[in-house]
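> here is my input; please provide its structure:
(one chain, ligands or ions: 3)
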Amino acid sequence: MKVFNFLCITLLLFTLHAVAQGPTDFLSKEFHKGRREALRSKMPQNSVAVVFANPVRNRANDVDYVFHQDPNFYYLTGYREPNAVLVLFSENQTDAKGTSYNEILYVQKKDAQAEMWYGTRLGAVGAAKELGFSTVMNGEDFINSQIDFKKFNRVFIEKFNDDYRNSTRNKAEIYDLVASFKEVSGFNEIQFSSEYVEKVHQAIANVPDKKLIELSRKINQELTRYPELKKDKLIMDFASAKNDNELKDYQQKISLNLEAIKENNFDFSFLPNNLATLREVKTEEEIKLLTKAIRISAIGQIEVMKAMKPHMSETELQGIHEFVYKKYGAEYEGYPSIVGAGNNGCILHYIENNKTKIGNDLVLMDLGAEYRGFTADVTRTIPANGKFTKAQEEIYNIVYKAQEAGIALYVVGGSMSAPNRAAVKIVNEGLYKLGIIKSIDEKHNYLPHGTIHHIGLDVHDPGNYNNFEENMIATMEPGIYIPEGSNCDKKYWGIGIRIEDDILVTKNGPVNLSAEAPRTVKEIEKMMAKKSVLDDFVLPNLDK
Ligand code: GLY
Ligand code: MN
Ligand code: MN
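Ligands and ions are numbered 1, 2, ... in the order given. Just a heads-up that it's a prediction; the model follows:
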């Protein structure tokens, strides 16, 4: 017995030690609790929200992609493991023993065997303690739970991704949790469809008997143009009906389904809409972590500016950025890194990054560290040899001026579409002055993207995009992309430039959180002339 106690205590100390080894500066449990309360305060009476964790996604064979939590789920819970679900009630519920609760978090069960392979799990007890939930249960308990979803006026869920794998490794994986929810809540009894498919359903339900055949013929013609329709069983049944009676039967089924959609208690828009409203304005805690992610990313840009040489590859440069992120303990990249030399810089989301020699081109580098869940989004475009050519500088300065004009408009109460309008105007004027477009209002494709988006737990964070509010953080990212073969002077071909910074909106005006990374032509050239610690980092040549 004594030996057993000793072992238990040693194991406990070991576990505590193991837990304490990781980072401790994640969002606090009070933050997540506060967010749940904020969401609950928007829920109407007798409603329930059900939020699922992200699925584990397969990479190949028995290797999965590194798991990343669903940002909405993380925002509300702080739980970073898969196979979990949060149930949030608008009012207190009472269980059979008389205990009352207004939320339940269901998590992965402790499992010594699984933990030996894949690492420690918080488990229900750990999650209650670490995440500040009073009611935490295992995933299996969700499957066996007696929650009567049908009794609620509204059931708030997000659209299902439908990319859950049934790996059958254990019986409470996300696949099983979602399947069980669909079964007990009555979700399976209704066929939900996209807006377009629903329109076709409406057309079928409302067509008079004598026009049924005509409509069926029309739909058969549409099937090839809109493959989405082929995936819909109700439509396919209707389209392949052999006679009038069958047509009427299937029409009846579609009408009943439309009734069920109207009368059911599921709501797919409450969660995305309200979480966008909550997430678009950052709390002090969020600003602190996001600022760190942004500063790490800006410092990555600085190190690459110092290290860049024409003989280097895009892959190598990406590695330097990402090494800086890891050095600061950032857990991931917030999105696949973009490092494109020359014409590759004109490919907006170029992620191959495999040009073996950047030569004397401009290199567009759009990267962001993810730190404790928060993602920066910073772009710099710099000349590989440390000196802008005249043509490069001409284009660069237009983009810079457009960005400056945009940033100045990040003010409380201002319209969030104003910076983009200001930037586009300057880009058009600049292109016209250089003769790249022939008239100021010529339609062109040299700036094919928007120049602003929120950042946060997602690189493209949700938001309503109305007016700026204090403590929003959004990018300002104008660009000009002139691919080879464009209808302009050849000296501009292959120039792709984007400058992207992350701007905090304050009562005292905009604050550029990524300003540490040089932005003007002069500042960049000055930084690139500096020595880098990597100048002396030489590895053996494996090709000799
Ligand atoms: N890195 C993606 C974007 O700039 O939106
Ligand atoms: Mn961006
Ligand atoms: Mn970007």
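
> contacting residues around whichever residue of the stretch 151-300 of the chain sits closest to ligand 1?
Closest to ligand 1 within the stretch 151-300 of the chain is residue 297: 10.7 Å, counting by C-beta to the nearest ligand atom. All C-beta atoms are positioned from the backbone trio N, CA, C, and that covers glycine. Residues counted as contacts of residue 297 (C-beta atoms under 8 Å, 6 or more residues apart in numbering) are 321, 325, 367-369, 376-378, 514, 517.

> could you rerun that using 10 Å?
By C-beta atoms under 10 Å, 6 or more residues apart in numbering, the residues touching residue 297 are 321, 324-325, 328, 330, 333-334, 366-371, 375-380, 502, 513-514, 516-517.

> where does this structure dip in pLDDT?
1-20 (pLDDT under 70).

> please list the residues of it that sit near ligand 3.
Contact residues (C-beta under 5 Å from the ion) of the chain with ligand 3: 366, 377, 500.

> now residue 516: closest residue in space, sequence neighbours ignored.
Excluding the flanking residues, the one nearest residue 516 by C-beta to C-beta, 6 or more residues apart in numbering is residue 298, at 4.1 Å.

> what is the neighbour count of that neighbour?
Residue 298 has 24 neighbours, counted by other C-beta atoms under 10 Å.

> and the helix or strand containing it, does that touch ligand 2?
Element membership of residue 298 [criterion: DSSP states H and E] is helix 284-307. No. On the criterion C-beta under 5 Å from the ion, helix 284-307 is out of touch with ligand 2, staying 11.5 Å away.

> taking the stretch 401-544 of the chain, what residue is nearest to ligand 3?
For the stretch 401-544 of the chain and ligand 3, the shortest gap (C-beta to the ion) falls at residue 500, measuring 4.9 Å.

> now the helices for the stretch 301-450 of the chain?
For the stretch 301-450 of the chain, the helices defined by DSSP state H, counting those that start in this stretch occupy 314-327, 390-407, 418-433.

> between the first one and helix 284-307, how big is the angle?
Same thing as helix 314-327. Relative orientation of helix 314-327 versus helix 284-307 (axes from the mean of the first three to the mean of the last three C-alpha atoms, to 10 degrees): 140 degrees.

> in helix 314-327, what's buried?
314, 316-322, 324-325 (16 or more other C-beta atoms under 10 Å).

> want to throw those into TSV with distance to residue 485?
Below are those laid out as TSV (distance: C-beta to C-beta, whole Å):
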residue	distance to residue 485
314	22
316	28
317	26
318	27
319	31
320	31
321	30
322	33
324	36
325	36
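
> which one of those residues sits closest to ligand 3?
Nearest to ligand 3, judged by C-beta to the ion, of these is residue 321 at 12.6 Å.

> I'd say the closest one and residue 336 touch.
No. The pair residue 321 / residue 336 is not scored as a contact, 12.0 Å apart, by C-beta atoms under 10 Å.

> which neighbours do those two share?
Common neighbours of residue 321 and residue 336 (C-beta under 10 Å, 6+ apart) are residue 367.

> just confirm yes or no for stretch 319-338 near ligand 1.
Yes. Stretch 319-338 is in contact with ligand 1 by C-beta under 6 Å from any ligand atom, via residue 335.

> okay, now that stretch: how far is its last residue from its first?
11 Å (C-alpha to C-alpha, to the nearest Å).

> distance from the chain centre to that stretch, please.
17 Å (C-alpha atoms, centre = their mean, to the nearest Å).

> follow-up on the earlier one: pull out the buried residues from the helix holding residue 298.
285-287, 289-307.

> then stretch 332-343?
332-335, 337-343.

> turn the residues you listed into a markdown table, columns for distance to ligand 2.
Below are the buried residues of stretch 332-343 laid out as a markdown table (distance: C-beta to the ion, whole Å):
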| residue | distance to ligand 2 |
| --- | --- |
| 332 | 17 |
| 333 | 13 |
| 334 | 10 |
| 335 | 9 |
| 337 | 13 |
| 338 | 10 |
| 339 | 15 |
| 340 | 15 |
| 341 | 20 |
| 342 | 21 |
| 343 | 21 |
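
> so, if you compare these, which one comes nearest to residue 353?
Closest approach to residue 353 among the buried residues of stretch 332-343 (C-beta to C-beta): residue 339, at 4.6 Å.

> ok, the closest one - contacts?
So residue 339 contacts 304, 313-321, 345, 350-355, 358, 363-367 (C-beta under 10 Å, 6+ apart).

> just to revisit the earlier point, narrow the contacts of residue 297 to those that are buried.
Neighbour counting with 16+ other C-beta under 10 Å marks 321, 324-325, 328, 330, 333-334, 366-371, 375-380, 502, 513-514, 517 as buried within the contacts of residue 297.

> just the residues you listed: which are in strands?
333, 366-367, 369-371, 375, 378-380, 502 (DSSP state E).

> what's the helix or strand hosting residue 522 packed up against?
In this structure, residue 522 sits in helix 521-528 according to DSSP H and E. For helix 521-528, the helices and strands in contact under the criterion 3 or more C-beta pairs under 10 Å, 6 or more residues apart in numbering; DSSP states H and E are helix 284-307, strand 378-383, helix 390-407.

> what's the closest non-adjacent residue to the residue in the stretch 201-350 of the chain that ligand 3 sits nearest to?
Closest contact between the stretch 201-350 of the chain and ligand 3, by C-beta to the ion, is at residue 338 (7.0 Å). Spatial nearest neighbour of residue 338, excluding adjacent residues (C-beta to C-beta, 6+ apart): residue 366 at 4.0 Å.

> so what sits opposite the one you found in the bridge?
Beta-bridge pairing for residue 366 (DSSP bridges): residue 338, residue 379.

> ok, now which ones touch it?
When the contact criterion is C-beta under 10 Å, 6+ apart, the partners of residue 366 are 297, 335-340, 345, 348-351, 377-381, 477, 479, 498, 500.

> and which of the buried residues of stretch 332-343 is nearest ligand 1?
Distances from ligand 1 to these, taken by C-beta to the nearest ligand atom, are shortest for residue 335, at 5.4 Å.

> isn't that closest one up against residue 370?
Yes. With contacts defined as C-beta under 10 Å, residue 335 counts as touching residue 370 at a distance of 8.5 Å.

> give me the common contacts of those two.
The contact lists of residue 335 and residue 370 share 376, 459, where a contact means C-beta under 10 Å, 6+ apart.

> thinking again about what came up before, now the angle from the helix holding residue 522 to helix 284-307?
Orientation of helix 521-528 against helix 284-307 (the same axes, to 10 degrees) gives an angle of 70 degrees.

> just the CA coordinates for helix 521-528, please, in PDB.
Provided in PDB are the C-alpha atoms of helix 521-528 (Å, rounded to 0.1, in the frame of the first residue of the first chain):
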ATOM      1  CA  VAL A 521      12.500  52.200 -49.400                       C
ATOM      2  CA  LYS A 522      15.200  53.900 -47.400                       C
ATOM      3  CA  GLU A 523      14.600  52.100 -44.100                       C
ATOM      4  CA  ILE A 524      14.500  48.700 -45.900                       C
ATOM      5  CA  GLU A 525      17.800  49.400 -47.800                       C
ATOM      6  CA  LYS A 526      19.400  50.500 -44.600                       C
ATOM      7  CA  MET A 527      18.300  47.400 -42.700                       C
ATOM      8  CA  MET A 528      19.400  45.100 -45.600                       C
END
